[in-house]
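Engineer: Just to be clear, the model below is a prediction. Sequence and coordinates:
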Amino acid sequence: MTNLIIATTLAEARNAEGEFLAGGTDLMDRRRHHVSTGGMVDICRIAGLGEIEAHAGGYRIGSQVTLDAVAQHPAIIDHYPGLAIAAGALATPQIRSMASMGGVLLQTTRCWYFRHEAFTCYKKGGDSCPSREGDHRFGVVFDTSPCVFPHPSTIGMVLMNYAAQVEINGERTMTMQELYGGGTDGTREHTLAPSDVLTQIILPAAVNAERAGYFRSISRARAEWALVEVSARLVVDDNDQITFARVAVGGVAPVPMLLPTVNDYLVGKPATDESFAVAAELATAGANPLPQTGYKVKLIYGTVFDTLQRAYNRIWSGEG
Amino acid sequence: MSEVAPPLRVIGTPAQRMDALGKVTGSSAYPGDLVRPEMLHLAVVFAHRPHARIAALDTRAALAAPGVVAVLTAADVPFNGFGLIVADQPVLGHDVVRFVGDRVALVVAHTAAEAHAAAALVHVEYAPLPVLADPQAALAPDAPLLHPAHGSNIIGDFAVRRGDAAAALATADVVITGTFRTAWQEHAFLQPEAGIAYVDDEERIVIETAGQWLHEDRRQIAAMLQLPEEQVIVRYATIGGAFGGREDLSLQHLLALAAWKLRQPVALVWSREESFIGHPKRHPVTITCTWGATHAGKIVAIEAHAIADGGAYASTSAEVVKVVGLFASGCYDVPNITSTAVAVYTNNIPSGAFRGFGAPQAHFAAEIMLNRLAEALGIDALELRRRNIYREGGIEPTNVVLPAGVSALPVLERCIAEAHARFAPPPDLPAHLRYGVGIACGIKNLGYSFGYPEQATATVELLGDTQIERAVVRLGAAEVGQGNHIAMRQIAAEVLGLPLECIFMICDDTNVAPNAGSASASRLTLVAGRAVQDAAHAALRRWHNEDRPAHATVQYRPPATTPLDPITTQGKPNYAYGYAAQAVALLVNTLTGEVQVQQVISVHDVGKVINPQQASGQIEGGVVQALGYALMEEFQMYNGYVRTPHLSSYLLPTSMDIPEIIPILLEYPDPLGPFGARGFAELPMVPFAPAVAIAIHAALGVWLSQQPMTPARVIHALQEVQS
């Protein structure tokens, strides 16, 4: 009944008709709800996509590597702690042991209108956003796209904060910003063509003595898509002066957001609550919330502040 | 924890329940585990739209699909209606579908996969009809009628008057008003609906499934098939939770229909998504109320008006709104009350029974109003409770004296004392974490109300030669996980002087166990417990009279209740109440709006503890369910469509959300109950959400008046205060 093709090489995958199936944690959910109904192309058996290895002064992570493997990997924990913390903190142990790194970067929006077969929207080929007119309590506060739902990928936000690149089809690389685009196209979550396979994630050289934090504001203790989430990376010197800062925020815009003005502010400041509070306030600049998302502006402030504290104090917020 | 040491042999001991080992080891057969040789599989075609006329229904493609044996439609149903109170819900839709979960056709195939594949091929042509998604709009004079034969969109309403509330409010020293909103809640029992059905060799239709009331399931199925009830047998397998969500028929009648029509065994197992649209939810209720008091702290008047979204079909809405309206004053004796409540048909998912049955919604308003009134009066809120709380001889809103055994005050006092002894703010809290404590009280009727016939029947048979060697107890009462069967076994063992293992329980089959009524309304401990106790005594008397083997069947009927007089609104609504008080200690993160409940003290007057382990478990489970309801569970609908169709969008508490739960069991004997015991299963649900709201207020100084109290609502409330 279901048209499932099992691809064993990149070429086979690229020439096959259908949506790519890796860990399946997003795709199978959409099929269950009749939102994905076409063919599927299983790409799990393509060789060479399942390794974490040193690469060009940094590391590279194959797109089939699971979240759990990233969260547990000693080199990732040592060199890219913000990635390891986030990979271990999201979803549930079951999801983390199935979901692939490529899949979490390219997952589709969590918008319930999108995920309901009775509704059409920009992302399903329609010409309206039912959430904008209807319920958008989980929507954006930086309203740059016709679609009002924020980008769903935590890992995408964290990798952007690590200036990672992705390799496509084993051939070319692009930045995370290029992968996700400028946040104005309401029809899709990323810029890849349907036949493109994300093959590797390439992390640049690690930053010495990095302290990192990840935190998401949610409605229960665990296992919910973020209302607002933040990745923070800090280096402080012996006098507790901040010498390096990278902050990114998710759950608030059509694509994950880097916060360069926050980074610029923090560098040279003492690592204190006062500095973090000013940084958190700066993070809300330019917010133009929807009627139901005003609370998220406050959440940006709170989540940035909290995550900076966590990063400075090296609080490992993954499930333990 | 008991106030009085139990002088009894079996009552009061943590006897192990009969189903414990099977459940722990996985050997228990739940309805989804049942098989019969040659059984066929069903798939339901749901409407998946909130309101439409069925213009055409074509089953040809489905019938031609591989493995398909039959496709049943409305034309195949002998009597096409069901419902607990009125049969207003079609078994299979024939002209109009009124909510997303309306069943339209039933596909029967050799495998479940074939049935589901063919279900997608049933072609239904729908002509959309306007969607009534808002109960207020459904009340408008020009609103279309969802059930034209019913004559209005009002499923049921309730009004009670005591004294003259308007006059008393006009002269009260302090008057406050408030509006409170609660959400749909999904039962989310562990095991979605499932079962099998077959025709036995005596030409009886047998349904093996899960439910909450064997004999009521049988009544509705017999009516649908137009068979005498004796030709229908309902049996319950191991039940994976219920909480009210199995009071209505969901798929039991569909199983019966297919097996009866095809004369072959059939099975049906619903997915979580099917379960979500397949059974009713807790009513979302909006309550607007005004409370007035004197400077001396006497609450003199309450006016309250509640509107509940009943959804597309009646279910138990008409009874639920009576509970909402009756508890407008919580557990406080207020001389002037005007309270109305109405349940309205809409194209939303039907609302029905859920642990608390209207009491949690009413208490969310009443308990918060009491605290706000205390704030306005400058009186400590616990002191204001003491001054107004129900006492023995107190008067209900319906102008009758409360049933004897009013323990609201000692329950509250114990809760206050425990909170003082056990709660302390954590030291060195960072500035963004605020600590708060909230205490609230609760009352809930035990058993059926307002004249609904109330009884439980039990049979006890004593077997032996010169002495009683064993006893068989027959009691048609569902073990939904609450521990009823072990409690009934303990009662029988106590009366008969036998070891527990000599008591054999037959409880799960309409054909061999008499009707004990539903596992609902916290009623089985008292009503079924008395039936077992009285039957055991009667059998024992016969045994001593040499009438052996001794056999006694007793129908226990508690004191009658009455409907309210339509003119005076007087009447006796209930024969027993349970009382509870809860204290909640929590932290609120002012940066993220996150509420972390740290500790919960849940004090209950249970009359007499029959099984302390089961009683504590009931409280722990109830608190967890109440925590979800208060803080995160929000079954959402939009224009008749479900916004939260699965467990990734409908948030249940995880193990990481669970606070320390301290159950306290008090034993003020109930005058009616077996050994003084009274039920309390719903009560952990009743005061919890207002206790959380009160604690959040203690932490932040802001009042939340809408459930669930999510981070977004906490932040929003803070923003409103700051601006």
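Structural biologist: Sure, I can see it.
Engineer: alpha carbons only for contacts and neighbour counts from here, please
Structural biologist: Noted.
Engineer: so where do the helices sit in the stretch 51-200 of chain A?
Structural biologist: Ranges of helices in the stretch 51-200 of chain A, per DSSP state H, counting those that start in this stretch, are A:67-72, A:74-79, A:81-89, A:93-98, A:101-106, A:130-133, A:154-161, A:176-180.
Engineer: Using TSV, lay out those together with mean neighbour count, distance to B:L21 and mean pLDDT.
Structural biologist: Converted to TSV, the helices of the stretch 51-200 of chain A look like this (neighbours: other CA atoms under 10 Å in any protein chain shown; distance: least, CA to CA, whole Å; pLDDT from 0 to 100):
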stretch	mean neighbour count	distance to B:L21	mean pLDDT
helix A:67-72	22	34	98
helix A:74-79	17	42	97
helix A:81-89	26	35	96
helix A:93-98	16	27	96
helix A:101-106	24	41	98
helix A:130-133	16	49	95
helix A:154-161	26	42	98
helix A:176-180	20	53	98
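Engineer: isn't there a strand covering B:A43?
Structural biologist: Yes: using DSSP: H, G, I helix; E, B strand; the rest coil, the secondary structure at B:A43 is a strand.
Engineer: if we compare the helices of the stretch 51-200 of chain A, which one ends up closest to chain B?
Structural biologist: Each of those has some distance to chain B by CA to the nearest CA; the shortest is helix A:130-133, at 10.4 Å.
Engineer: ok, back up a step: distance to B:Q191 for the helices of the stretch 51-200 of chain A - can I get that in CSV?
Structural biologist: Supplementary listing: the helices of the stretch 51-200 of chain A in CSV, determined by distance: least, CA to CA, whole Å:
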stretch, distance to B:Q191
helix A:67-72, 29
helix A:74-79, 39
helix A:81-89, 28
helix A:93-98, 19
helix A:101-106, 30
helix A:130-133, 32
helix A:154-161, 32
helix A:176-180, 40
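Engineer: For chain A, which residue gets nearest to chain B?
Structural biologist: Residue nearest to chain B within chain A (CA to the nearest CA): A:G302, separated by 3.9 Å.
Engineer: What number of residues are in the vicinity of B:A120?
Structural biologist: Other residues near B:A120 number 14, with proximity taken as other CA atoms under 10 Å in any protein chain shown.
Engineer: show me what contacts it?
Structural biologist: By CA atoms under 8 Å, 6 or more residues apart in numbering or on different chains, B:A120 lies in contact with B:V45, B:A62.
Engineer: quick one: it from chain A, how far?
Structural biologist: Separation of B:A120 from chain A (CA to the nearest CA, to the nearest Å): 11 Å.
Engineer: just for the chain, where's the confidence low?
Structural biologist: All of this refers to chain A. Where chain A drops to pLDDT under 70, the residues are A:1-2, A:317-320.
Engineer: Actually, chain B is the one I wanted.
Structural biologist: Those would be B:1-6, if you go by pLDDT under 70 across chain B.
Engineer: who in it is up against chain A?
Structural biologist: By the rule CA under 8 Å from any CA of the partner chain, the part of chain B lying against chain A is B:49, B:590-594, B:631-632, B:638, B:643-644, B:648-649, B:651, B:653-654, B:656-657, B:710-713, B:715-716, B:719.
Engineer: Just the buried ones among those, please.
Structural biologist: Neighbour counting over the residues of chain B next to chain A (16 or more other CA atoms under 10 Å in any protein chain shown) leaves B:49, B:590-594, B:631-632, B:643-644, B:649, B:651, B:653, B:657, B:710-713, B:715-716 as the buried ones.
Engineer: B:A256 sits in which helix or strand?
Structural biologist: Using DSSP states H and E, B:A256 sits in helix B:252-262.
Engineer: Give the next helix or strand downstream of that helix.
Structural biologist: Once the chain leaves helix B:252-262, the next helix or strand it forms, by DSSP H and E, is strand B:266-269.
Engineer: Summarise which helices and strands that next one is packed against.
Structural biologist: Helices and strands touching strand B:266-269, by 3 or more CA pairs under 8 Å, 6 or more residues apart in numbering or on different chains; DSSP states H and E, are strand B:40-46, strand B:194-199, helix B:252-262.
Engineer: buried ones in the last one?
Structural biologist: Taking 16+ other CA under 10 Å as the neighbour-count basis, helix B:252-262 is seen to contain the buried residues B:Q252, B:H253, B:L254, B:L255, B:A256, B:L257, B:A258, B:A259, B:W260, B:L262.
Engineer: do the same with stretch B:99-119
Structural biologist: Applying 16+ other CA under 10 Å to stretch B:99-119 flags B:99-112, B:114-119 as buried.
Engineer: Stretch B:51-65 too?
Structural biologist: Quick answer for stretch B:51-65 (16+ other CA under 10 Å): B:H51, B:A52, B:R53, B:I54, B:T59, B:A62, B:L63, B:A65.
Engineer: out of those residues, which one sits closest to B:L412?
Structural biologist: B:H51 (47.3 Å; CA to CA).
Engineer: nearest residue to the closest one other than its sequence neighbours?
Structural biologist: Among residues not flanking B:H51 along the chain, B:R98 sits closest, at 4.6 Å (CA to CA, 6 or more residues apart in numbering or on different chains).
Engineer: B:C441 too?
Structural biologist: Nearest residue to B:C441 in three dimensions, chain neighbours excluded: B:A581, at 4.2 Å (CA to CA, 6+ apart).
Engineer: Can you name the residue of the stretch 201-350 of chain B nearest chain A?
Structural biologist: For the stretch 201-350 of chain B and chain A, the shortest gap (CA to the nearest CA) falls at B:E273, measuring 9.0 Å.
Engineer: for the helix or strand that residue falls within, which positions count as buried?
Structural biologist: For B:E273, the host element (DSSP H and E) is helix B:272-278. Buried positions in helix B:272-278, judged by neighbour count with 16+ other CA under 10 Å: B:R272, B:E274, B:S275, B:F276, B:I277, B:G278.
Engineer: what's in contact with it?
Structural biologist: The contact list for helix B:272-278 (CA under 8 Å, 6+ apart) reads B:V100, B:G101, B:E186, B:A188, B:P192, B:E193, B:S250, B:I349, B:P645, B:H646.
Engineer: contacting residues around the residue of chain A closest to chain B?
Structural biologist: Taking CA under 8 Å, 6+ apart, we find A:G302 in contact with A:A280, B:T590, B:L591, B:T592.
Engineer: Which one of these is nearest to B:H94?
Structural biologist: Checking the contacts of A:G302 against B:H94 with CA to CA, the nearest one is B:T592 at 49.5 Å.
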